[in-house]
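> Fold the following and give me the result.
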Amino acid sequence: MPVTMTKDELAAASDVDLGTSEWIRVDQAMIELFADATRDHQWIHVDHDKAAQGPFGQTIAHGFLTVSLLPEMLGQMLSVEGSVMGVNYGMDRLRLTSPVPSGARIRARGTILSTEPKGEGILVRTEMTVEIEGQEKPAMIGVFLTLRY
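Modelled structure (predicted):
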């Protein structure tokens, strides 16, 4: 269940633990659709036979596929009453620390670090750690920047 705040509560938020999102399975079909959309068909993502002989022993998800799932995962962790939309604003200190194997499940753990007014919106800095089910090392760590209107 997401943490629910009003826009005023969000504007004053800092160091708020959002918990975790639901698990998302990153299967080969998702990886191949992402490869087609981004035109990144590197063999570690789409060539099963070659990837089996490579450093990861199988195909892996694109790092930016993991990043692109952040809005969905954050939406599962945070609901802002009275907000009409959220816009991706950027990332600070993004690190892709471990590959996501095809078929693995991932989820995010989030903490709102700070907020500040930005034009007509609220700039929200959320530390996000993307976990891989059954692995100790996370797939991604970074501060996700969103603008809430």
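
> what's next to stretch 114-123, contact-wise?
Applying CB atoms under 8 Å, 6 or more residues apart in numbering, the set of residues contacting stretch 114-123 from outside is 7, 10-14, 87, 89, 124-125, 145-149. For glycine as for every other residue, the C-beta is placed from the backbone atoms N, C-alpha and C.

> what about it, start to end distance?
8 Å (CA to CA, to the nearest Å).

> quick one: buried residues of it?
Buried residues in stretch 114-123, defined by neighbour count with 16 or more other CB atoms under 10 Å: 115, 121-123.

> quick one: which of the residues you listed sit in helices?
Nothing among the buried residues of stretch 114-123 maps onto helices, per DSSP state H.

> still on that earlier bit, ok, and the most crowded of the contacts of stretch 114-123?
Counting neighbours by other CB atoms under 10 Å, residue 124 leads the contacts of stretch 114-123 with 25 neighbours.

> Could you give the secondary structure assignment for residue 54?
coil (DSSP: H, G, I helix; E, B strand; the rest coil).

> Quickly note the distance from it to residue 96.
17 Å (CB to CB, to the nearest Å).

> What segments of this protein are strands?
3-6, 16-20, 24-26, 78-81, 86-96, 104-118, 121-132, 140-148 (DSSP state E).

> Now tabulate those strands in a markdown table and tack on mean pLDDT.
Listed next are the strands of the chain as a markdown table, based on pLDDT from 0 to 100:
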| stretch | mean pLDDT |
| --- | --- |
| strand 3-6 | 96 |
| strand 16-20 | 98 |
| strand 24-26 | 98 |
| strand 78-81 | 96 |
| strand 86-96 | 97 |
| strand 104-118 | 98 |
| strand 121-132 | 98 |
| strand 140-148 | 98 |
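
> Need the ones you listed in a markdown table (columns: distance to residue 71).
Putting the strands of the chain into a markdown table (distance: least, CB to CB, whole Å) gives the following:
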| stretch | distance to residue 71 |
| --- | --- |
| strand 3-6 | 16 |
| strand 16-20 | 14 |
| strand 24-26 | 12 |
| strand 78-81 | 11 |
| strand 86-96 | 6 |
| strand 104-118 | 10 |
| strand 121-132 | 11 |
| strand 140-148 | 8 |
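
> neighbour-wise, which of residue 54 and residue 96 wins?
Taking neighbours as other CB under 10 Å, residue 54 and residue 96 compare with residue 96 leading, 17 against 14.
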